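Peer 1: Turn this into a structure:
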Amino acid sequence: MKKLTSFFIATLSVTFLFAQQPDKAEYRQPGANYYNDVIIPDINKNETPADVADKRTFKIDASAVKAPKDPAVYKQVWHNDPVSQGNTGTCWCFSTTSFFESEIKKASNIEIKLSEMYIVYWQYVERAKYFVAHRGDMYFGEGSETNGATWMIKDYGIVPYDIYKGKTSAASFYNHEKLLAEMDNYLKNVKATNNWNETEVVNTIKSILNYY
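Peer 2: The predicted structure is shown next:
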């Protein structure tokens, strides 16, 4: 019993210790970084920028985090160079696609660059179907998980990046700001008017995706 009591006291002590050292976070004006210095200027050069007056983002202060800094000190497997997702919420797809590229190389010795946006395209189509089936009771916006990518590949296959790049703009980086806004506005109207015609909704979402 004494050993059990000592164990609980030690566990609570460790929990309390870590509770006193929370991560720090604060609201900041956008500062100097790759996203603000490279991606956004490239997007603005090719598209009309949105109004971002006094826009702030909530960011964690990672200055005290001891994270790996030099990839060269670790054993690596073959992989394509990292690709920026630009101004989108598709990191889930870029990371999963990179993993599959490495697995293809390991299994067949074929080096290939897969299309991330092909997967993203079909996930938005599937979300549109779900939106109709559940009468708009869902979150349609950006973000997903690894299993979202594998689900789309099972249902729709996958193509190389050279076959489907997933953008019509001359910008070097993806920007889904207008794409998401247009799809969101359309679906809000679908819900407001009770227009639950799946074929019509899916075809309209495809049309918006194809435009951008």
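
Peer 1: Every contact and neighbour count from this point should use C-alpha atoms.
Peer 2: Will do.

Peer 1: list the buried ones in stretch 200-212?
Peer 2: 201, 202, 204, 205, 206, 209 (16 or more other CA atoms under 10 Å).

Peer 1: Could you export those residues as TSV, including pLDDT and distance to residue 161?
Peer 2: Formatted as TSV, those follow (pLDDT from 0 to 100; distance: CA to CA, whole Å):
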residue	pLDDT	distance to residue 161
201	98	27
202	98	24
204	98	24
205	98	22
206	98	19
209	97	17
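
Peer 1: Go through the residues you listed and say which is closest to residue 170.
Peer 2: The shortest approach to residue 170 among the buried residues of stretch 200-212 belongs to residue 209, at 16.4 Å (CA to CA).

Peer 1: what residues are up against the closest one?
Peer 2: Shown in contact with residue 209 (CA atoms under 8 Å, 6 or more residues apart in numbering): 121, 179.

Peer 1: Can you verify it is assigned to a helix?
Peer 2: Yes. When classified by DSSP: H, G, I helix; E, B strand; the rest coil, residue 209 is found to be part of a helix.

Peer 1: hmm, back to that, among the buried residues of stretch 200-212, name the ones in helices.
Peer 2: 201, 202, 204, 205, 206, 209 (DSSP state H).

Peer 1: what's the closest of those residues to residue 178?
Peer 2: residue 209 (10.6 Å).

Peer 1: Determine which two of the ones in helices among the buried residues of stretch 200-212 are furthest apart.
Peer 2: 201 and 209 (12.3 Å).

Peer 1: For the residue lying closest to residue 138 once chain neighbours are set aside, list the residues it contacts.
Peer 2: The shortest distance from residue 138 to any non-neighbouring residue, by CA to CA, 6 or more residues apart in numbering, is to residue 131 (6.5 Å). Contact analysis of residue 131 by CA under 8 Å, 6+ apart lists 137, 138, 140.

Peer 1: Cool, thanks, talk later.
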